[in-house]
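A.B. asks: Would you be able to build a 3D model of this:
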Amino acid sequence: AAQLPTSSDAVQLPQIANLVKGELNLQYRIEYDELLDLVERQNTQLWDCRTEDEYTGLRLAARRGGHIPGARHFEWSTALNRQNHLKLQPLERTQQRLEHLGFNLNEPVVVYCQSHHRSGLAYIVGRLLGWNIRAYDGAWSEWGNRLSSPIITGELPS
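C.D. replies: All right, here's what the predicted structure looks like:
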């Protein structure tokens with residue numbers, strides 16, 4: 001679309017002889033038990049970036065539908081500009097929309113979706129905004145399938 005040069009020629013990439021095995025940095029993720037404790041103590045911001053139907057429980061993708069108590073809804077795809085090749089919206093716009101929903105970007109937040117694919121992008125957006133953000137990679141597929149997990153169903157707050 002930008003009229004840049006293209007080619008259909010095969011590209012030879014250099015062979016990588018030794019890959020360095022990195023260590024997983026766990027400071028940016030949160031596991032079920034820690035998140036459950038924070039939710040029960042109402043001591044965290046939660047960003048549910050699934051669709052509205054998933055958030056309200058209308059669409060089931062686990063044994064139970066709904067969202068984690070206290071979670072605010074901001075769908076991940078809202079951060080994408082559909083008129084500009086799905087590039088990210090300007091960060092200022094996304095930040096304003098998050099703040100309008102009640103998020104405090106000066107306080108930590110945990111982001112989740114159904115399987116941590118969509119929230120992976122939301123996590124990157126949060127990091128670009130300088131937010132102290134952690135990912136719940138167990139996601140709704142874990143939370144919604146545990147019968148003991150507290151959940152909320154119903155409409156979005158107005």
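A.B. asks: Relative to Ile133, how far out is the spatially most central residue of the chain?
C.D. replies: When CA atoms, centre = their mean is applied to the chain, the residue found nearest the centroid is Ser119 (2.1 Å). Distance, Ser119 to Ile133, using CB to CB, to the nearest Å: 10 Å. Heads up, the C-betas are built off the backbone N, CA and C, glycines and all.
A.B. asks: what does Ser8 give?
C.D. replies: Counting by CB to CB - Ser8 and Ile133 are separated by 40 Å.
A.B. asks: now do Arg93
C.D. replies: For Arg93, the distance to Ile133 - CB to CB - is 18 Å.
A.B. asks: more neighbours, these two?
C.D. replies: Ile133 (22 against 13; other CB atoms under 10 Å).
A.B. asks: ok, now which ones touch that one?
C.D. replies: 28, 47, 108-111, 123, 126-127 (CB atoms under 8 Å, 6 or more residues apart in numbering).
A.B. asks: and those residues as TSV, adding pLDDT and neighbour count?
C.D. replies: Below are the contacts of Ile133 laid out as TSV (pLDDT from 0 to 100; neighbours: other CB atoms under 10 Å):
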residue	pLDDT	neighbour count
Tyr28	89	13
Trp47	95	25
Pro108	96	14
Val109	97	20
Val110	97	25
Val111	97	30
Tyr123	94	27
Gly126	94	26
Arg127	94	12
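A.B. asks: Give me the below-cutoff pLDDT ranges for the protein.
C.D. replies: Residue ranges of the chain with pLDDT under 70: 15-25, 158.
A.B. asks: so where do the strands sit in it?
C.D. replies: For the chain, applying DSSP state E gives strands covering 45-48, 71-73, 80-81, 87-88, 109-112, 133-135.
A.B. asks: Out of these, flag the one nearest Ala2.
C.D. replies: Set against Ala2 and scored by CB to CB, the strands of the chain come closest in strand 87-88, at 11.4 Å.
A.B. asks: Would you mind listing the outside residues contacting the closest one?
C.D. replies: For strand 87-88, using CB under 8 Å, 6+ apart, the contacting residues are 79-81, 94, 125, 128.
A.B. asks: With that, I have no additional questions.
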